[in-house]
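**Q** Could you look at this predicted model? Sequence included:
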Amino acid sequence: MKIHFIAIGGSAMHNLALALHYKGYQISGSDDEIFDPAKSRLSKVGLMPDKTGWFPEKITKNLDAVILGMHARENNPELFKAKELGIKIYSYPEFLYEQSKNKTRIVVGGSHGKTTITAMIIHVLQYLKIDCDYMVGAQLEGFDVMVKLSDDAKIMVIEGDEYLTSPIDRRPKFHVYQPTIGIISGIAWDHINVFPTFEFYVEQFKIFAEMIPENGYYIYCKDDVVLQEMSDRANIKASTKVGYCVHPHFIENGTSFLETEFGNLSLKIFGKHNLTNINAARLACRAVGVSDKQFYSAVQSFNGASNRLELLRKSETCAIYKDFAHSPSKLKATVEALKAQFPGRKLVACMELHTFSSLTENFLQQYAGAMDCADVGIIFFNPETVAHKKLPPISSEMILNAFKRNNLEVFHTTNQFVERIIAMNSTDTVFAFMSSGNFGDVNLLQLAENIMDY
């Protein structure tokens, strides 16, 4: 098949392009900007466009399909040409569904934890040599791409994002995937530019749960009050409906252990949220024939997904982590996990306000109490990011009032932020850098080394 990608440089899009290239498809693509790692990875296999920009002449009748990325606009000239020629146009989620419609689809939804749960399931199935296709929103250790598509696998594991499908399709992505086994990890309001009210946001998860067929499985976190209430009132057809909570565990000498019928099992990951995610993954794997004994054997070697409580540097007296936490629920879970794992150490929690929601004054109120467990709380925001998103300016006072923490430190210049971090005494300290951005182009690995060397 010959497929052209409009906006090939996106994180998900370039991984799909690579997956289809490895499958033997003829791939072309365009984008108006492509950065690393997409640039290097596409160049390595000859898929990097010669020039950036949009070129309608690339859209010809000999194409079998066009895949439209979220980065493109509705008035994209290549999209217009594809419509004019009557070429089949897929969104990213639509194409994944088309490739998996005859498979058992495990779709992991939720405001938080979906990347980790998806990664856990993939890890366990791969460990047990159970063939599966997959799509996950983070790089996994030992995997070349974040997307795998094959003709032989009978299972596909999909991270089900609730964000929009494409510029011309306003459905949430996870509705398009039509789950056979559907998981919801929790509901905490996000993406207010798309879901302006909490009720509208919750409704999207209700629709997802109601899509699971009669012979399917609905797996949900019963500790989440909003999710439990939604699950009780939803018209769920799935014959198997099971709630889960945090897995019994304990922490000893900085290591988390699962308490199981097969004994106490050590883990490489930690945090109450991750010990809850494990139960979701266990139930999903059980639904496709994996025994609990097999699951526990496999999950012990799971290192976590990239940017999810990822260890940057560690010494006998200091540990430095980075995490994708940016929404209030994710931020709170990460801070609490680190404090519980290292109770005798000072916790320095640094968070960047970077998303549309987090930089909106009304939504900022959702962060009240999210940093309370940290000994030192630091917030960074870049005024240029606020302007780029065409949002009204925010101030340090707004942030202090929203977080409800008087000793919170707020920085909006990279130099001042970095100087403050490096000047700290790192002895008996844990640092956490949490963001969906990069703190104004800070090299966190280099910063971690500077902290250790100071």
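**A** That came through, no problem. Residues are numbered from 1 along each chain as shown.

**Q** Tell me how many other residues surround the nearest residue to Thr429 once chain neighbours are set aside.
**A** The shortest distance from Thr429 to any residue that is not its chain neighbour, by CB to CB, 6 or more residues apart in numbering, is 4.7 Å, and that residue is Lys346. All C-beta atoms are positioned from the backbone trio N, CA, C, and that covers glycine. Using other CB atoms under 10 Å, Lys346 has 17 neighbouring residues.

**Q** How about the one 10 residues further on?
**A** For Phe356, the number of neighbouring residues by other CB under 10 Å comes to 17.

**Q** can you pull the contacts of it?
**A** Contacts of Phe356 were listed using CB atoms under 8 Å, 6 or more residues apart in numbering, and they are His191, Ile192, Asn193, Lys389, Leu391.

**Q** Buried members of those residues into PyMOL, please.
**A** Typed into PyMOL, the line below selects the buried ones among these, using 16 or more other CB atoms under 10 Å:
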select buried, resi 191+192
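
**Q** would JSON lines of the contacts of Phe356 with secondary structure be doable?
**A** As requested, those are arranged in JSON lines below (DSSP: H, G, I helix; E, B strand; the rest coil):
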{"residue": "His191", "secondary structure": "coil"}
{"residue": "Ile192", "secondary structure": "coil"}
{"residue": "Asn193", "secondary structure": "coil"}
{"residue": "Lys389", "secondary structure": "coil"}
{"residue": "Leu391", "secondary structure": "coil"}
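
**Q** Switch the contacts of Phe356 over to TSV, and while doing so, append distance to Lys322 to every line.
**A** Shown next, in TSV, are these (distance: CB to CB, whole Å):
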residue	distance to Lys322
His191	23
Ile192	25
Asn193	25
Lys389	23
Leu391	25
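
**Q** for the contacts of Phe356, which one is nearest Asp50?
**A** Lys389 (31.0 Å; CB to CB).

**Q** Let's verify the spatially closest residue to that closest one that is not a sequence neighbour: helix, strand, or coil?
**A** Excluding its sequence neighbours, the residue lying closest to Lys389 (CB to CB, 6+ apart) is Phe356, at 5.5 Å. Secondary structure, three-state DSSP: Phe356 is coil.

**Q** So Lys293 belongs to a strand, correct?
**A** No: assigned with three-state DSSP, Lys293 falls outside any strand and is helix.

**Q** And it, how far from Lys58?
**A** Relative to Lys58, Lys293 is positioned 52 Å away (CB to CB, to the nearest Å).

**Q** Same question for Ala387.
**A** To Lys58, Ala387 is 33 Å away according to CB to CB.

**Q** of those two, who's got more company?
**A** Neighbours per residue (other CB under 10 Å) separate Ala387 from Lys58, with Lys58 holding more: 17 against 11.

**Q** my read: Leu408 touches Phe380, true?
**A** No: using CB atoms under 8 Å, Leu408 is not in contact with Phe380; the gap is 11.4 Å.

**Q** And Pro393, how close does it get to Gly160?
**A** 35 Å.

**Q** In which helix or strand does Ile394 reside?
**A** Taking DSSP states H and E as the criterion, no element holds Ile394; it sits outside all helices and strands.

**Q** Repeat that for Glu397.
**A** When elements are assigned from DSSP H and E, Glu397 belongs to helix 396-403.

**Q** Likewise for Ile207?
**A** Counting by DSSP H and E, Ile207 is part of helix 198-211.

**Q** Please compute how far that helix lies from its chain's middle.
**A** In terms of CA atoms, centre = their mean, to the nearest Å, the centre of helix 198-211 is set 19 Å apart from its chain centre.

**Q** How about residues contacting that helix?
**A** 107, 109-110, 160, 162, 172, 174-175, 178-179, 182, 184, 187, 189-191, 195, 218, 220, 226-227, 230-231, 233-237.

**Q** Identify the residues contacting stretch 73-89?
**A** With CB under 8 Å, 6+ apart as the test, stretch 73-89 has contacts from 4, 6, 30, 54-56, 58-61, 63-68, 72, 167-168.

**Q** list the contacts for Ala234?
**A** Lys206, Ala209, Glu210.

**Q** Name the member of those with the most neighbours.
**A** Looking at the contacts of Ala234 with neighbours defined as other CB under 10 Å, the largest count falls to Ala209 at 23 neighbours.

**Q** on that earlier part again, now do the same for the residue nearest to Thr429: its pLDDT.
**A** In the predicted model, Lys346 carries a pLDDT score of 96.

**Q** Touching, it and Asp375? I think so.
**A** Yes: taking CB under 8 Å as the definition, Lys346 is a contact partner of Asp375 at 4.6 Å.

**Q** Against which helices or strands is the helix or strand containing Ile122 packed?
**A** Secondary-structure assignment from DSSP H and E places Ile122 in helix 114-127. Counting contacts by 3 or more CB pairs under 8 Å, 6 or more residues apart in numbering; DSSP states H and E, helix 114-127 packs against strand 104-109, strand 155-159, helix 272-287, helix 292-299.

**Q** Adjacent strands (with direction) for the shortest one?
**A** Next to strand 155-159 in the sheet, as set by DSSP bridges, lie strand 104-109 (parallel), strand 133-135 (parallel).

**Q** from the chain's centre, how far out does the shortest one sit?
**A** The gap between the average C-alpha position of strand 133-135 and the chain average comes to 14 Å, counting by CA atoms, centre = their mean.

**Q** Give me the contact list for that strand.
**A** Counting contacts by CB under 8 Å, 6+ apart, the residues outside strand 133-135 that touch it are 12, 15-16, 96, 99-100, 103, 118, 122, 146-150, 153, 155-159.

**Q** Now the element after that strand, going C-ward?
**A** Per DSSP H and E, strand 133-135 leads on to strand 147-148 as the next helix or strand towards the C-terminus.

**Q** which residues sit against that following strand?
**A** Residues from elsewhere that reach strand 147-148, judged by CB under 8 Å, 6+ apart: Ala12, Asn15, Leu16, Leu18, Ala19, Leu96, Cys132, Asp133, Tyr134, Met135.

**Q** So the fourth one versus Gln365, what's the distance?
**A** According to CB to CB, Leu18 stands 41 Å off from Gln365.

**Q** which of these two has more neighbours?
**A** Just comparing Leu18 and Gln365: by other CB under 10 Å the higher neighbour count belongs to Leu18, 23 against 14.

**Q** can you pull the contacts of that one?
**A** If you count contacts by CB under 8 Å, 6+ apart, then Leu18 has Arg41, Leu42, Val45, Leu47, Asp144, Val145, Val147 around it.

**Q** I'd like to know which of the contacts of Ala234 is nearest to Glu261.
**A** Checking the contacts of Ala234 against Glu261 with CB to CB, the nearest one is Ala209 at 29.9 Å.
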